[in-house]
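**Q** Could you look at this predicted model? Sequence included:
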Amino acid sequence: MTPRVRIAPSPTGNLHIGTARTAVFNWLFARHHSGQFILRIEDTDLERSRTEYTENIKSGLTWLGLDWDEGPFLQTQRIELYRQGIQTLLDKGLAYRCYCTPEELEQMREKQKAKNQAPRYDNRHRYLTEVECQKFESEGRKPVIRFIIDDDREIVWNDLIRNRVVWKGSDLGGDMAIARISQIEEGAFGQPLYNLAVVVDDLDMKITHVIRGEDHIANTAKQILLYEALGEKVPYFAHTPLILNQDGRKLSKRDGASSIDDFRKMGFLPGALANYMTLLGWTACDSTKEIFSLGEAAKEFSLERVNKAGAKFDWDKLDWINSQYLHKVPAPELVELVLPYWQEAGYEVNLESDRTWLEQLASLISPSLIRLTDAIKESRSLFGAKLIYSTEAIEQLRKEGVKDIIQAVMNNLVNYSQLTEDSAKDIIKKVTKDFKVKKGLTMRSLRAGLMGELHGPDLIQSWLLLHKKGWDVTRLQDILSKI
Ligand code: GLU
């Protein structure tokens, strides 16, 4: 059997990290078994679904490298299929019309609450007569279709991650609503509800393995009953652990980031993020191996190696993985990646005329980058003729004798038509010798004068870059007039 799996996000928000991680596991499983990975957009909630979220989901998956083989299928374009499924259940006597008003349902819940009972529908309209139905209709009530759930039923499945799972029918909240009668298409169950649509789709798409978050376990119990009622074979189920924050709660916006877009804007690379998401719940056969591409992980991926326990989100680990990827990016590509951050910071960047210079700058700062956003601070002192000096740098420059050292560097600079690594070193050596000071003092002072800070990338390389723009001379002249 060639596996067919799917990711079925609801377009009610941007692509969430939890959904993306589920997509990663589905993708790895499909690729490992040379199966199919299908994208289905569950947009039947008309009020909350938006086209821009569908676009965001598609672009997020593409950015992460999770290509799909079929789809995207939109549930709103498949209503006829669900309608047939609902009709089958009605014809078999396994579903019925329930005419309870929202107020009646609310009262039911209030009473249950008062008795400390879990909220559930009490199945009161399960056996309405035709006459009773007509009476409700004549009152203008709009029914929902409910699927009968036997309270005494025990639902058991062999979960591919969690092993044997047992769920009681009585814990499923009573007969389940599977469709609302559409306002527009009177009597024609225009709006199928989640569990029904999922089962009809998974059957139609011949899904063999449903791999999704453990927050869907109760849905799985309901869906197994629907498969049986439709007389169809139940697929395999695998419930992945949730992604938790440091407090052990589900990762949310409050934790700093929750959508793939958030992570992209924070400067994470897609390969690194996909790599980290793979590790959120899965371990490679060699558990010390932590850096791998999706393709490499797919070669050895198996659901047996997915943990049952929730996966704690670890920012330090993600940062470390990102830096490993970032340090390997070739300079020309790195320039393209950091360009938007430089532009956002307001640095003067002209990609056409400065490409070589920018590539040299990218190589210089690359070892200090953890996230792409770090490029802003790491290259701040390398852009522009003007500089803002740190207090430390000013203090250094005002030390006794430092002005003369800087002046001497300037004087020497004119002797060289072209500054090279060797000539820059020569100047530092000569000035150090002439002033009989320690080389460290010359270096520190020069760094303060050229870069406005006492820490930063390699001094000689930085100087060479500044010199190509003539900014070393401008900056040193400027500071000499101020100290
Ligand atoms: N649409 C559901 C969600 O976004 C997923 C359904 C499923 O995987 O079965 O959570």
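**A** That came in fine, so what should we check first? Treat the numbers as computed from the prediction; the structure is a model and nothing was measured.
**Q** Distance of Asn195 relative to Gln418?
**A** 73 Å (Cβ to Cβ, to the nearest Å). From N, CA and C alone the C-beta is placed, and that goes for glycine too.
**Q** more neighbours, these two?
**A** A direct count of neighbours by other Cβ atoms under 10 Å for Asn195 and Gln418 places Asn195 higher, at 21 against 8.
**Q** Sticking with the more buried one, tell me its helix or strand.
**A** helix 194-204 (DSSP states H and E).
**Q** what are the C-alpha coordinates of that helix, in PDB please?
**A** Provided in PDB are the C-alpha atoms of helix 194-204 (Å, rounded to 0.1, in the frame of the first residue of the first chain):
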ATOM      1  CA  TYR A 194     -16.000  19.600  10.600                       C
ATOM      2  CA  ASN A 195     -16.000  15.900  11.500                       C
ATOM      3  CA  LEU A 196     -18.400  14.900   8.700                       C
ATOM      4  CA  ALA A 197     -16.400  16.800   6.100                       C
ATOM      5  CA  VAL A 198     -13.100  15.400   7.200                       C
ATOM      6  CA  VAL A 199     -14.300  11.800   7.000                       C
ATOM      7  CA  VAL A 200     -16.000  12.300   3.600                       C
ATOM      8  CA  ASP A 201     -12.800  13.900   2.300                       C
ATOM      9  CA  ASP A 202     -10.400  11.400   3.800                       C
ATOM     10  CA  LEU A 203     -12.500   8.700   2.200                       C
ATOM     11  CA  ASP A 204     -12.700  10.400  -1.100                       C
END
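**Q** That helix near the ligand anywhere?
**A** Yes: using Cβ under 6 Å from any ligand atom, helix 194-204 reaches the ligand at Val198.
**Q** Point to the helix or strand of this protein where mean pLDDT is at its lowest.
**A** Of all helical and strand segments in the chain, the minimum by mean pLDDT, DSSP states H and E falls on strand 191-192, at a mean of 80.
**Q** What helices and strands are in contact with that strand?
**A** helix 79-91, strand 176-180 (3 or more Cβ pairs under 8 Å, 6 or more residues apart in numbering; DSSP states H and E).
**Q** Is any residue of that strand near the ligand?
**A** No: counting by Cβ under 6 Å from any ligand atom, the ligand is not contacted by strand 191-192; separation bottoms out at 13.0 Å.
**Q** Can you name the residues in contact with that strand?
**A** Strand 191-192 is contacted by residues 44, 46, 75, 79, 82-83, 85-86, 178-180, 182, 200 when judged by Cβ atoms under 8 Å, 6 or more residues apart in numbering.
**Q** can you give me the offset of that strand from its chain's centre?
**A** How far strand 191-192 lies from its chain's middle: 29 Å, per Cα atoms, centre = their mean, to the nearest Å.
**Q** could you say which helix or strand contains Asp43?
**A** Using DSSP H and E, no helix or strand contains Asp43.
**Q** Double-check it against Ile57; I have them as touching.
**A** No: judged on Cβ atoms under 8 Å, Asp43 makes no contact with Ile57 at a distance of 10.4 Å.
**Q** Overlap of the contact sets of the two?
**A** Pro11.
**Q** Neighbour count for these two, which is higher?
**A** Neighbour totals were compared for Asp43 and Ile57, and Ile57 leads with 26 against 22 (other Cβ under 10 Å).
**Q** Identify the residue spatially nearest to that one, adjacent ones excluded.
**A** Distances taken as Cβ to Cβ, 6 or more residues apart in numbering place Leu15 nearest to Ile57, at 4.7 Å, with adjacent residues excluded.
**Q** The one you found touches Asn56, doesn't it?
**A** Yes: between Leu15 and Asn56 there is a contact at 5.7 Å, judged by Cβ under 8 Å.
**Q** Who has more neighbours out of the two?
**A** Leu15 (27 against 19).
**Q** Over to the more buried one: give its phi and psi.
**A** Torsion angles at Leu15 (phi, psi; degrees, to the nearest 10) stand at phi -60, psi 120.
**Q** For whichever residue of the stretch 51-200 of the chain sits closest to the ligand, give its distance to Asp150.
**A** Going by Cβ to the nearest ligand atom, the ligand is nearest to Val198 of the stretch 51-200 of the chain, at 4.8 Å. Computed as Cβ to Cβ, the Val198 to Asp150 distance reads 20 Å.
**Q** if you count what's nearby, which of the two comes out ahead?
**A** More crowded of Val198 and Asp150, by other Cβ under 10 Å: Val198, with 27 against 12.
**Q** Work out for me the element the spatially closest residue to Val24 that is not a sequence neighbour sits within.
**A** In space, Val24 comes closest to Met277 once its chain neighbours are excluded; the distance is 4.8 Å by Cβ to Cβ, 6+ apart. In the assignment (DSSP H and E), Met277 maps to helix 270-279.
**Q** Averaged pLDDT, that helix. What do you get?
**A** The pLDDT scores in helix 270-279 average 98.
**Q** quick one: the spatially most central residue of the chain and Glu333, what's the gap?
**A** For the chain, the residue nearest the mean C-alpha position is Ile260 (2.7 Å; Cα atoms, centre = their mean). Note on Ile260: its distance to Glu333, by Cβ to Cβ, is 21 Å.
**Q** do Leu465 as well
**A** Taking Cβ to Cβ as the measure, Leu465 falls 19 Å from Glu333.
**Q** swap in Glu296?
**A** Distance of Glu296 to Glu333, computed by Cβ to Cβ: 20 Å.
**Q** Kindly report the residues of this structure close to the ligand.
**A** Ala8, Pro9, Ser10, Glu42, Val198, Arg212, His216.
**Q** can you rerun that using 5 Å?
**A** Residues of the chain lying close to the ligand by Cβ under 5 Å from any ligand atom are Ala8, Pro9, Ser10, Glu42, Val198, Arg212.
**Q** Show the backbone phi and psi for the closest residue to the fourth one other than its chain neighbours.
**A** Using Cβ to Cβ, 6+ apart and skipping the chain neighbours, the partner closest in space to Glu42 is Ser10 (4.6 Å). Here the main-chain torsion angles of Ser10 (degrees, to the nearest 10) amount to phi -90, psi 130.
**Q** Now for Lys468: which residues touch it?
**A** Applying Cβ under 8 Å, 6+ apart, we find Lys468 in contact with Trp357.
**Q** ok, then the element right after the helix holding Met277?
**A** Next along from helix 270-279, by DSSP H and E: helix 294-300.
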